[in-house]
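K.L.:
3D model of this:
(4 chains)
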There are 2 protein chains.
Amino acid sequence: MVRLVIVDDHPVVRGGLRDTFADAEDIVVVGEAGDGAEGIERAATLAADVVLMDLRMPGMDGVAATAALRERVPSARVLILTTFDSESDVLPAIEAGATGYLLKDALPDELMRAVRAAARGESVLAPSVTQHLMGQVRKSGASTLTDREKEVLQLVANGSSNREAAAALFIGEASIKTHLLHIYDKLGVRDRAAAVAEGYRRRLLR
Amino acid sequence: MVRLVIVDDHPVVRGGLRDTFADAEDIVVVGEAGDGAEGIERAATLAADVVLMDLRMPGMDGVAATAALRERVPSARVLILTTFDSESDVLPAIEAGATGYLLKDALPDELMRAVRAAARGESVLAPSVTQHLMGQVRKSGASTLTDREKEVLQLVANGSSNREAAAALFIGEASIKTHLLHIYDKLGVRDRAAAVAEGYRRRLLR
DNA sequence: TCCCGCCTCCCCCGTTCGGTGGATGTTTGG
DNA sequence: CCAAACATCCACCGAACGGGGGAGGCGGGA
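P.N.:
Residues are numbered from 1 along each chain as shown, chains lettered A, B, ... in the order given. Below you'll find the model as predicted:
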């Protein structure tokens, strides 16, 4: 069951979204908020799995709210839902830690699939957004594991302790620890077990 | 001298098998039967040491016949002889008490060795069957993860510490540790990270 | 009926991890 | 050419974990 929080400053939009997800048996809207700060509170206290966030809001905007939310509740995925696919917003949102970026003209069915995908940690982008992203990405790759980090994560997934991983890679144990800390940071987790899980969810591991 | 009973619904197959064992000085075919019920009778009255049993038969099938035979004549060993190594049949047959599981394309020499081995109570499996069995065992090993254990593993994959998992399940931390030790044992790993990895590989986690 | 698997909990101990706060050398791309 | 990212290491500490013992209750199958 995916616990969803809706953050949008328009009551009408919130109502429409709520109705949309009323049909889904595996998604429950546990809370709503009218601005970013409130949304963060709701997401934290209600243990949200996914937060559907509007970008244009009074007070704290969606990007800032996303960043703050990722900080406060690392387990919550943020799905940006906005009217325009202005490229100026996409990158900041992704960099802030958004898991997906959808347009408000998305069909209900698409929305639900996106929420489910986000809950699994998969990135969801509106097709038109993908275009923009493909062109410009791969430089800001803020949350991409380096080859070395992937090697370390793979070893850990295979049951290696830090010491064993170090031996396998012919480096010091301290380096393994450093790599792991970087991995935790990038994946938004706090221990090796969750990192491995996230690695599988993001298809970094097999 | 091994007293052998052949149970198969095809007279041709029975004939072929009879011929096969005609050469063996230490094996004597004391009886034949065309279906399961008859096979049990023959095995009982003829004091069979080994029963060579087809799986696909009209009336009582090989698996049921094997179980019934083990019940009636515990001293008789059952060797399953079938055309297909369909994995769905291997496990039930073994569970029913079959001592071995052979394919009909086995060479006469192999057949005789298998019968002798079965008479000694040794388990005999066709090589290709072993493959399937390993897969099944692995799969069933996976499914022998208790519901509770799966819950624990899921929580750990989601980043919970033992304490947090305990709180989430309303049980003590010690119980989480016990569950995890059982999980490690079943999955053949030594720490939570590897357990999570194995969980994903075996599709216990998503 | 009795035994086995499951779930729950306990103690104790050594080891490993995660977090902090650095440092240095190398590669790479604007 | 220089900043940024990467990879490598150091020391220290508290918390968490893994492993070794049990043990009691409970329900279902032989």
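
K.L.:
near chain B at all, stretch A:40-57?
P.N.:
No - judged by C-beta under 8 Å from any C-beta of the partner chain, stretch A:40-57 makes no contact with chain B; its nearest approach is 9.9 Å. The way it works is simple: take the backbone N, C-alpha and C, and place the C-beta from them, glycine included.

K.L.:
list the buried ones in that stretch?
P.N.:
Applying a neighbour-count criterion of 16 or more other C-beta atoms under 10 Å in any protein chain shown, one finds A:40, A:42-43, A:46, A:48-55, A:57 buried in stretch A:40-57.

K.L.:
which of those fall in strands?
P.N.:
Cross-referencing the buried residues of stretch A:40-57 against strands under DSSP state E gives A:Val50, A:Val51, A:Leu52, A:Met53, A:Asp54.

K.L.:
what's opposite the last one in the beta bridge?
P.N.:
Just to be clear, that refers to A:Asp54. Under DSSP bridges, the beta-bridge partners of A:Asp54 are A:Leu81.

K.L.:
can you redo the ones in strands among the buried residues of stretch A:40-57 as a markdown table with pLDDT?
P.N.:
Formatted as a markdown table, these follow (pLDDT from 0 to 100):
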| residue | pLDDT |
| --- | --- |
| A:Val50 | 93 |
| A:Val51 | 93 |
| A:Leu52 | 92 |
| A:Met53 | 89 |
| A:Asp54 | 87 |
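
K.L.:
let me know the closest of the residues you listed to A:Val7.
P.N.:
A:Met53 (4.6 Å; C-beta to C-beta).

K.L.:
could you verify my assumption that the closest one touches A:Ile80?
P.N.:
Yes - if you go by C-beta atoms under 8 Å, A:Met53 and A:Ile80 touch, sitting 5.7 Å apart.

K.L.:
what sits in contact with each of the two?
P.N.:
A:Gly62, A:Thr66, A:Ala98 (C-beta atoms under 8 Å, 6 or more residues apart in numbering or on different chains).

K.L.:
pLDDT score for the second one?
P.N.:
The predicted local confidence for A:Thr66 comes out at a pLDDT of 84.

K.L.:
now do the buried residues in the helix or strand hosting it.
P.N.:
Assigned by DSSP states H and E, A:Thr66 belongs to helix A:62-72. Neighbour counts using 16+ other C-beta under 10 Å place A:Gly62, A:Val63, A:Ala64, A:Ala65, A:Thr66, A:Ala67, A:Ala68, A:Leu69, A:Arg70 of helix A:62-72 among the buried residues.

K.L.:
quick one: the fourth one from A:Ala174, how far?
P.N.:
Shown here: A:Ala65 relative to A:Ala174, a distance of 37 Å by C-beta to C-beta, to the nearest Å.

K.L.:
try the second one
P.N.:
Taking C-beta to C-beta as the measure, A:Val63 falls 36 Å from A:Ala174.

K.L.:
ditto for A:Ser161
P.N.:
14 Å.

K.L.:
may I have the secondary structure class of A:Asp109?
P.N.:
Under DSSP: H, G, I helix; E, B strand; the rest coil, the three-state class of A:Asp109 is helix.

K.L.:
quick one: neighbours of it, just the number.
P.N.:
A:Asp109 has 11 neighbours, counted by other C-beta atoms under 10 Å in any protein chain shown.
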